[in-house]
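Participant: Need the 3D shape of this:
(one chain, ligands or ions: 2)
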Amino acid sequence: MLEIKNLNTGYDKKQVVFNVSMNVLQGEIVSLIGPNSAGKSTILKAICGLIPSWSGEIAFNSKKMNGNEPPENLKLGISFCPQGNRVFDELTVRENLEIGGYILKKDKTSQRIHEVLEIFPALKDRIKQTAGSLSGGEQQMLAVARALIPEPKLLLLDEPSLGLAPNLVKELFDKFIELNKKLGITILIVEQKVREVLAISNRVYSLKLGKVAYEGRSGDLLSNKEELKTLFL
Ligand SMILES: Nc1ncnc2c1ncn2[C@@H]1O[C@H](COP(=O)(O)OP(=O)(O)OP(=O)(O)O)[C@@H](O)[C@H]1O
Ligand SMILES: [Mg+2]
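Facilitator: Ligands and ions are numbered 1, 2, ... in the order given. You can find the predicted model right below:
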């Protein structure tokens, strides 16, 4: 579904991603792990078009997509949930969800909000509250819910568990399994909660200093303590 070949990118003149090749097959959950500043978020930003790729190729369903602006990629079916609590505090839950539908017609957005609230019933009870009055966990659910409004085929998640207590991490990750299994949404997820994300993903890429340091099946890495340790040294 998603194929990245020899991607090089960065900010201004500073290169942070070096010759990265990776792919995500339809129906998979793929995790992207690695130490701080390895370039994980940068790769997600390059995929959705928030930053340009310097060279290499990014293709979605065999169609080259480097150079696309984020709304074009959203229309193709790629939705991005960025790192940190990116909800609009002053706006209500509903208004936050409406923003998620900015590429859709109004009727379609309303229909999608209705459908997405079925997946996140806790948000349904809070629909008129401002996002700032939600707990951290609820805000993270809202950020994911907003990314689902355009009905994506591929969901890019950047550290969704950031700041969440262990029981909420489990709840959120269970949701991802549900999205993947029940709705058929393919997921590429960046995480620091390594064991937890390996437990829900099919395959994993680990980045180190902007390069792929490991790729393989999540289960294999989960049972390889030595390898796991070296990846984060
Ligand atoms: N907007 C920016 N302008 C300049 N440099 C940036 C920018 N964003 C990130 N960088 C740099 O690029 C490198 C990779 O950052 P990136 O955010 O991709 O890392 P990461 O793997 O997501 O780390 P973390 O786990 O801390 O989120 C870092 O050295 C960072 O300082
Ligand atoms: Mg990051």
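Participant: where along this structure do the strands fall?
Facilitator: 2-11, 14-24, 29-33, 55-60, 63-64, 78-81, 154-158, 186-190, 203-208, 211-217 (DSSP state E).
Participant: give me the number of residues near whichever residue of the chain sits closest to ligand 2?
Facilitator: For the chain, the residue closest to ligand 2 is Ser41, as judged by Cβ to the ion, at 3.1 Å. Where C-beta positions appear, they are placed from N, C-alpha and C, glycine not excepted. Counted with other Cβ atoms under 10 Å, the neighbours of Ser41 add up to 19.
Participant: pLDDT weak spots in the protein?
Facilitator: Counting by pLDDT under 70, the chain contains low-confidence ranges at 85.
Participant: related to what we said a few turns ago, how far away is the residue of the chain closest to ligand 2 from Asp220?
Facilitator: The gap separating Ser41 from Asp220 is 25 Å, by Cβ to Cβ, to the nearest Å.
Participant: The helix ranked longest in the chain vs strand 186-190, what angle?
Facilitator: Assignment by DSSP state H gives helix 166-183 as the longest helix of the chain. Orientation check (axes from the mean of the first three to the mean of the last three Cα atoms, to 10 degrees): helix 166-183 against strand 186-190 gives 160 degrees.
Participant: and helix 166-183, what other elements does it pack with?
Facilitator: Using 3 or more Cβ pairs under 8 Å, 6 or more residues apart in numbering; DSSP states H and E, the elements in contact with helix 166-183 are strand 29-33, helix 106-119, helix 136-148, strand 186-190, helix 194-200.
Participant: export the ones you listed to TSV and tack on mean neighbour count?
Facilitator: Formatted as TSV, the helices and strands packed on helix 166-183 follow (neighbours: other Cβ atoms under 10 Å):
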stretch	mean neighbour count
strand 29-33	25
helix 106-119	15
helix 136-148	22
strand 186-190	23
helix 194-200	18
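Participant: Just put these in CSV and tack on distance to ligand 2.
Facilitator: Below are the helices and strands packed on helix 166-183 laid out as CSV (distance: least, Cβ to the ion, whole Å):
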stretch, distance to ligand 2
strand 29-33, 10
helix 106-119, 25
helix 136-148, 15
strand 186-190, 6
helix 194-200, 14
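Participant: How about the contacts made by the residue nearest to Arg86 when sequence neighbours are not counted?
Facilitator: Among residues not flanking Arg86 along the chain, Ala143 sits closest, at 5.7 Å (Cβ to Cβ, 6 or more residues apart in numbering). Contacts for Ala143 (Cβ atoms under 8 Å, 6 or more residues apart in numbering) come out as Cys81, Pro82, Asn85, Arg86, Val87, Pro160.
Participant: same thing with Asn73?
Facilitator: Ile47, Cys48, Gly49, Phe60, Met65.
Participant: quick one: which of the residues you listed is nearest Glu95?
Facilitator: Cys48 (22.4 Å; Cβ to Cβ).
Participant: What about the closest one, how many residues nearby?
Facilitator: 22.
Participant: Use 275 as the first number from now on
Facilitator: Right, with 275 as the first residue, what we last looked at is Cys322.
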